[in-house]
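J.: Following is a predicted model, sequence given first.
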Amino acid sequence: MNISITARGGKASDRLKKYVMSKLSKKPRVYEGVIDTEVVLSYEKLTQIAEIKMKVYNGTVIVREKSDDIFKSIDLAVDNCERQIKRYKERQREHNNEKMKDKIVV
């Protein structure tokens, strides 16, 4: 999985980059089909925003979270992203099961 980190309105420190990498390195356990991940960190006045775009097989998962602390925004975005990937995985599994039911003729 490729991970790219971009900062808007400021520069991302090495500590922040390591934090993002450590949080996202756990995601392949949730879904092995993650192809590419793009993280955009932006700062608007007192609001700090973390946006994560994960390209998965046959789709894209996009999450955007805002808070007053960038680390909190990253945590919220990663948790939300994990929920969306699990939901995506369940939908794929259900879709495949429906295909298999159609092929089985008794």
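T.: Perfect, thanks for sending it.
J.: remind me which residues of the chain are low pLDDT?
T.: Residues of the chain that meet the criterion pLDDT under 70 lie in 27-31, 98-106.
J.: list the contacts for the most centrally placed residue in it?
T.: The chain has Cys81 as the residue nearest its centroid, 4.1 Å off, counting by CA atoms, centre = their mean. Neighbour list for Cys81: Lys27, Ile52, Met54, Val61, Val63 [criterion: CB atoms under 8 Å, 6 or more residues apart in numbering]. Where you see a C-beta, it was placed from the backbone N, CA and C, and this is true even at glycine.
J.: again, 10 Å this time
T.: 23-24, 27, 30-31, 34, 37, 50, 52-54, 61-63, 65 (CB atoms under 10 Å, 6 or more residues apart in numbering).
J.: so which of the residues you listed would you say is closest to His95?
T.: Using CB to CB, Tyr31 comes nearest to His95 of the contacts of Cys81, at 15.0 Å.
J.: all strands in this structure, in order from the N-terminus.
T.: Ranges of strands in the chain, per DSSP state E, are 2-8, 34-44, 47-56, 59-67.
J.: and among those strands, the most buried is which?
T.: Highest mean neighbour count of those: strand 47-56, a mean of 20 (counted as mean count of other CB atoms under 10 Å).
J.: Partner strands of that strand and their direction?
T.: strand 34-44 (antiparallel), strand 59-67 (antiparallel) (DSSP bridges).
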